[in-house]
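Colleague: could you work out the structure for the sequence below:
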Amino acid sequence: MPSHSVEVGKYFLVALFASVKFLFSPFFALGLKLNYFESLISTTLGGIAGILCFGLIGELLSDYWVKIVVWFLRIFTGRTPMEARLHARRKFKWITRFIVKIKHRLGLVGIALLSPCLLSLPLGAIACMTFFSHRRKEVFIYLFLSLAFWSFVLNTGAYFFRLSALFSKVSS
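Modeller: Below you'll find the predicted structure:
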């Protein structure tokens with residue numbers, strides 16, 4: 001009985017890790033001694049859960065972001081509503097500029113394709129739902145297809161081409 005719960009715990013841990021840091025999850029699964037198919041299924045299901053969770057949370061946050069920030073600033077800093085609204089404006093950082101460039105050059109497909117490997121699932125799902133909230137079904141379809149593609153590529157690289165050996169040599 002305990003051996004089954006340990007195995008289920010491994011799958012759950014890989015899925016949880018994949019929902020946040022998808023790029024490294026196949027290597028994490030390899031470290032937990034999961035086989036190729038177990039890793040492929042765990043990382044894919046975890047990524048899907050991450051996309052759903054962060055996509056829906058991101059949609060809510062983008063709708064109410066300014067209201068939330070204004071409320072916190074009024075409560076904790078004592079600013080007037082006008083001061084709080086001016087301070088709540090989004091500031092452009094390098095990652096925001098990068099995502100906007102991808103949006104303008106490649107659109108939804110580009111953000112969805114780069115989300116699992118380069119941007120991270122939470123950031124990619126939130127960006128897609130912020131920019132393309134009017135195309136909600138398409139956003140989830142593109143994100144799921146991209147996730148399945150990258151799950152196959154990363155797991156294949158980790159298990160069959162022994163790319164995980166590169167990480168062990170770098171860390172030692």
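Colleague: so which residue is smack in the middle of the protein?
Modeller: L121 (1.1 Å; Cα atoms, centre = their mean).
Colleague: secondary structure element for the residue nearest to that one when sequence neighbours are not counted?
Modeller: Distances taken as Cβ to Cβ, 6 or more residues apart in numbering place G50 nearest to L121, at 4.4 Å, with adjacent residues excluded. Glycine gets a C-beta too; all of them are placed from N, C-alpha and C. Using DSSP states H and E, G50 sits in helix 36-77.
Colleague: check R162 too.
Modeller: Judged by DSSP H and E, R162 forms part of no helix or strand.
Colleague: can you pull out the low-pLDDT segments for the chain?
Modeller: Applying pLDDT under 70 to the chain picks out residues 1-5, 63, 88-92, 163-172.
Colleague: which ones are touching T156?
Modeller: T156 makes contact with Y36 under the criterion Cβ atoms under 8 Å, 6 or more residues apart in numbering.
Colleague: next: E38.
Modeller: E38 neighbours (Cβ under 8 Å, 6+ apart): 11, 29.
Colleague: mind redoing it with 7 Å?
Modeller: Y11 (Cβ atoms under 7 Å, 6 or more residues apart in numbering).
Colleague: next one: it from K10, what distance?
Modeller: From E38 across to K10, the span is 8 Å (Cβ to Cβ, to the nearest Å).
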